[in-house]
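> take a look and give me a structure for this.
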Amino acid sequence: MSVPEEEQNEEHFDDLRLENEIKKIKLALEHGSNFISPIDGDLPPELEREWLDYIEQFEEELAKRKKILVYNLIGRPAYRLVNNIPDPEITEELNKILDLLHRNAITVDTICKVEDRELYRFITDELFREETNDLHIEGMTTCFIYEEYHPNHDHDIRSRCTEFVNHILDKHKEWAPDYLGLSQTVQTNSGMLTNKQVVEKIVHFRDSFTRFIIIDFQITSVTINEDAAEAECVIRYTATLEGANEDMTFSGDTNFSLVYTSKLWVISKIDLPGLPL
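Have a look, this model is predicted:
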């Protein structure tokens with residue numbers, strides 16, 4: 001008597017699930033860390049097996065820890081020196097280099113606008129001399145970010161201040177105080193407070209209102225002095241008190257002081273209209 005096809009499929013899936021669990025244990029033992037699959041539990045076992053095979057291949061290649069210069073990895077191509085390329089030809093030469101990198105599973109991205117000549121200089125003068133893992137895994141790309149080598153401090157400061165304001169004045173966002181970008185101690189109108197004390201005051205402020213609406217927020221100037229910076233802003237927003245129908249309006253000048261630590265700009269002083277600090 002033959003086994004129904006549906007039962008055969010289920011037995012096959014059970015076998016695959018068991019094999020997947022064994023492979024997870026094998027990965028954990030061989031590579032010295034607890035392996036946790038990021039896969040949804042409802043994912044078909046065949047797809048989970050493909051994911052585990054990919055992880056196994058990656059771990060095996062990484063364990064070899066072979067390093068190679070980016071220039072050697074892409075085959076040591078001939079290229080023109082940046083100072084020898086006329087302006088009308090720089091974009092074409094940059095595209096040639098970017099295409100060559102792409103064919104070798106390498107991408108170069110920028111967060112801000114970078115001129116073609118500067119990006120070409122960065123790739124040929126700096127990136128070519130960088131070491132990278134000599135990995136050859138289908139579908140895997142190594143990504144380099146220009147700003148990781150040449151930070152755009154003005155952009156980072158503006159982003160930090162904007163993220164802070166949006167985070168505390170957006171009741172729809174999940175509250176995550178670790179992403180406020182505050183220093184360990186913060187200067188406020190009431191004196192120097194710890195990071196934790198500032199967060200507690202912000203939480204109380206947010207809980208007092210059912211909603212906020214930012215009407216206008218602009219950063220008017222950023223001044224950077226080595227590892228310290230000042231951001232001058234103007235803001236206007238409304239806030240609806242818990243249990244009230246009328247909105248309160250807060251507006252005026254806003255000031256942030258920031259310090260550069262561990263390659264990040266963090267807020268060390270806050271003066272925001274309406275925020276009782």
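
> tell me the secondary structure for Phe128?
Following DSSP: H, G, I helix; E, B strand; the rest coil, we place Phe128 in the helix state.

> correct me, but Asp253 touches Ala231?
No - applying C-beta atoms under 8 Å as the test, Asp253 and Ala231 come out as separate, 11.3 Å apart. For glycine as for every other residue, the C-beta is placed from the backbone atoms N, C-alpha and C.

> starting at the chain centroid, how far to the helix or strand harbouring Leu100?
Assigned by DSSP states H and E, Leu100 belongs to helix 87-103. Chain-centre distance of helix 87-103: 26 Å, with C-alpha atoms, centre = their mean, to the nearest Å.

> hey, C-alpha coordinates of that helix in PDB?
Provided in PDB are the C-alpha atoms of helix 87-103 (Å, rounded to 0.1, in the frame of the first residue of the first chain):
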ATOM      1  CA  ASP A  87      37.300  67.900 -16.600                       C
ATOM      2  CA  PRO A  88      35.100  66.800 -19.600                       C
ATOM      3  CA  GLU A  89      36.500  63.200 -19.300                       C
ATOM      4  CA  ILE A  90      36.400  62.700 -15.500                       C
ATOM      5  CA  THR A  91      32.800  61.300 -15.300                       C
ATOM      6  CA  GLU A  92      33.500  58.700 -18.000                       C
ATOM      7  CA  GLU A  93      36.700  57.600 -16.200                       C
ATOM      8  CA  LEU A  94      34.900  57.400 -12.900                       C
ATOM      9  CA  ASN A  95      32.100  55.300 -14.500                       C
ATOM     10  CA  LYS A  96      34.700  52.900 -15.900                       C
ATOM     11  CA  ILE A  97      36.300  52.400 -12.400                       C
ATOM     12  CA  LEU A  98      32.900  52.000 -10.700                       C
ATOM     13  CA  ASP A  99      31.800  49.400 -13.300                       C
ATOM     14  CA  LEU A 100      35.100  47.500 -12.800                       C
ATOM     15  CA  LEU A 101      34.500  47.500  -9.100                       C
ATOM     16  CA  HIS A 102      30.900  46.400  -9.500                       C
ATOM     17  CA  ARG A 103      32.000  43.400 -11.700                       C
END
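
> residues touching it, excluding its own?
Contact partners of helix 87-103, identified using C-beta atoms under 8 Å, 6 or more residues apart in numbering, comprise 74, 77, 79-80, 82, 85, 107-108, 116-117, 119-120, 123-124.

> buried among the residues you listed? Make that a ChimeraX selection.
To isolate the buried ones among the contacts of helix 87-103 in ChimeraX, judged by 16 or more other C-beta atoms under 10 Å, type:
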select :74,79,82,85,108,117,119,120,123,124
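
> narrow the contacts of helix 87-103 to those in helices?
Secondary structure defined by DSSP state H assigns Asp116, Arg117, Leu119, Tyr120 of those to helices.

> ok, so of the residues you listed, who is nearest Glu147?
Of all these, Leu119 has the smallest distance to Glu147: 11.5 Å, by C-beta to C-beta.

> excluding residues flanking it in the chain, which one is nearest the closest one?
Nearest non-adjacent residue to Leu119, counting by C-beta to C-beta, 6 or more residues apart in numbering: Leu94, 6.1 Å away.

> ok, now Glu242?
Nearest non-adjacent residue to Glu242, counting by C-beta to C-beta, 6+ apart: Thr210, 5.5 Å away.

> burial check on the one you found, number of neighbours?
When neighbours are defined as other C-beta atoms under 10 Å, Thr210 has 12 of them.

> hang on, isn't Ile123 packed against Val108?
Yes - between Ile123 and Val108 there is a contact under C-beta under 8 Å: 6.1 Å.
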